[in-house]
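K.L.:
Okay, here's the prediction I keep looking at, along with the sequence it came from:
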Amino acid sequence: MSFRSGFVTLLGRPNTGKSTLLNALLGAKVAIVSPRPQTTRTRLQGVLTRENAQIVFVDTPGVHRPASRLGEKMMQGVTEALEGVDLALVVVDASRAPNEEDRQAVELARRFGGASFLLLNKIDRIAKPALLPLIEQFRQQHSFDEFLPISALTRENLKLLEEKIIEQLPEGPAYFPADTLTDQPLRFLAGEIVREKLFCETREEVPYGIAVVIDTFDEAEAESRNLVRVHATIFVEKESHKGILIGGQGARLKRIGREARQELEALLGRRVYLELFVKTRADWRRQAGVERLVDWRHGEPA
Ligand code: GDP
Ligand code: MG
């Protein structure tokens, strides 16, 4: 049996379910999911290894018009994420009418020129007859190699999707060891988990002006006491946000910390001592070097 391997990029406007899909395909949580857009700030890789193939997924920030320095950085990330990949997956939310950002995503796939699938996600939310006109609408913009209705949530058609993806990959050896799940260090994942809990807990009150920096990720006692010590600083843009985050008598921050700790413990298979600090740093998003706060590839945060 021949072995196939290759790189697959997920594209699509924010909130269409790209991170959910990535996690569902991998059967593990490597990308954070949020009901609000723009929680994925960096490119994430997830690796799926089967007997006959290895698929390396590149998740991207949602396609959108750059508004700030961070926004520009993210769009650049989308374009880069397409370089040299074998397949582009455009994910749209089938339960919503297509908009300009969906068109942008399709346009990126068209310009990419390689194999591409259109994934109509969230079909658990719609009546099947609604799909055909939607598919027709997208087909007019770009002749995708496949149009697949899926649900990342209920896993409908995900096995089929996996098979179709593998068919598109060239023959070749695995890029990573078979047990690799992601190229993200645990330290980075820890920050993402804290960020996810923050988003879940604060909803609309604290907008996107949040960054999480892992100050220490200390595994010195991992073997002796099965314990990992994590200190994280949460940066907010406004003093008022600090109060909201912390909550009355620190209740909210405690809740965030507890949820993040439980998930970290499950991820690491160790006990975790998690300490959270909240600091105000106005305008962090427009400062030079901000990418160091949000992308571990640029090195340790300052
Ligand atoms: P991303 O911004 O494209 O990465 O989107 P996320 O993966 O963060 O998902 C955005 C929201 O859509 C979350 O609330 C998900 O739970 C939800 N979602 C994702 N996939 C599905 C799906 O197949 N069906 C339904 N009903 N909701 C979904
Ligand atoms: Mg995402």
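P.N.:
Structure received. Ligands and ions are numbered 1, 2, ... in the order given.

K.L.:
For the protein, which segments are assigned as strands?
P.N.:
4-11, 44-49, 53-59, 87-93, 115-121, 146-149, 210-218, 227-236, 271-280 (DSSP state E).

K.L.:
just those strands: most buried one?
P.N.:
strand 87-93 (a mean of 26; mean count of other Cβ atoms under 10 Å). Any C-beta I mention is one placed from the backbone N, CA and C, and that applies to glycine too.

K.L.:
what about stretch 131-142, average pLDDT?
P.N.:
Mean pLDDT, computed over stretch 131-142, is 96.

K.L.:
about what we covered before: nearest to ligand 2, of the strands of the chain?
P.N.:
Relative to ligand 2, the nearest member of those by Cβ to the ion is strand 53-59, separated by 6.2 Å.

K.L.:
Let me have the closest one in PDB, keeping just the CA atoms, if that works.
P.N.:
Taking Å, rounded to 0.1, in the frame of the first residue of the first chain, the C-alpha atoms of strand 53-59 are listed here in PDB:
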ATOM      1  CA  ALA A  53      -1.300   8.700   5.100                       C
ATOM      2  CA  GLN A  54      -0.200  11.700   7.100                       C
ATOM      3  CA  ILE A  55      -2.100  15.000   6.800                       C
ATOM      4  CA  VAL A  56      -0.600  18.100   8.200                       C
ATOM      5  CA  PHE A  57      -3.200  20.800   8.800                       C
ATOM      6  CA  VAL A  58      -2.500  24.500   8.900                       C
ATOM      7  CA  ASP A  59      -5.200  26.500  10.600                       C
END
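
K.L.:
can you give me the angle that strand makes with strand 4-11?
P.N.:
Strand 53-59 and strand 4-11 are oriented at 20 degrees to each other (axes from the mean of the first three to the mean of the last three Cα atoms, to 10 degrees).

K.L.:
Surely L22 and F57 touch.
P.N.:
Yes. L22 is within contact range of F57, at 5.6 Å (criterion: Cβ atoms under 8 Å).

K.L.:
Read off the pLDDT value for the closest residue to I214 other than its chain neighbours.
P.N.:
Among residues not flanking I214 along the chain, G191 sits closest, at 4.8 Å (Cβ to Cβ, 6 or more residues apart in numbering). Looking at G191, its pLDDT is 86.

K.L.:
Can you list the low-confidence ranges for the stretch 1-150 of the chain?
P.N.:
Across the stretch 1-150 of the chain, residues meeting the criterion (pLDDT under 70) sit at 28-45, 59-81.

K.L.:
ignore the last one, the stretch 151-300 of the chain
P.N.:
For the stretch 151-300 of the chain (pLDDT under 70), the answer is 183-185, 204-208, 282-300.

K.L.:
Which parts of it are helices?
P.N.:
With helices called from DSSP state H, counting those that start in this stretch, the stretch 151-300 of the chain shows them at 158-168, 186-202, 222-225, 239-246, 251-268, 291-294.

K.L.:
which one of these lies closest to ligand 2?
P.N.:
Comparison of these against ligand 2 by Cβ to the ion identifies helix 186-202 as nearest, at 10.6 Å.

K.L.:
thinking again about what came up before, Throw the helices of the stretch 151-300 of the chain into a markdown table and include mean neighbour count, thanks.
P.N.:
A markdown table is the format used below for the helices of the stretch 151-300 of the chain (neighbours: other Cβ atoms under 10 Å):
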| stretch | mean neighbour count |
| --- | --- |
| helix 158-168 | 16 |
| helix 186-202 | 21 |
| helix 222-225 | 11 |
| helix 239-246 | 16 |
| helix 251-268 | 17 |
| helix 291-294 | 19 |
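
K.L.:
Nice, that's everything, thank you.
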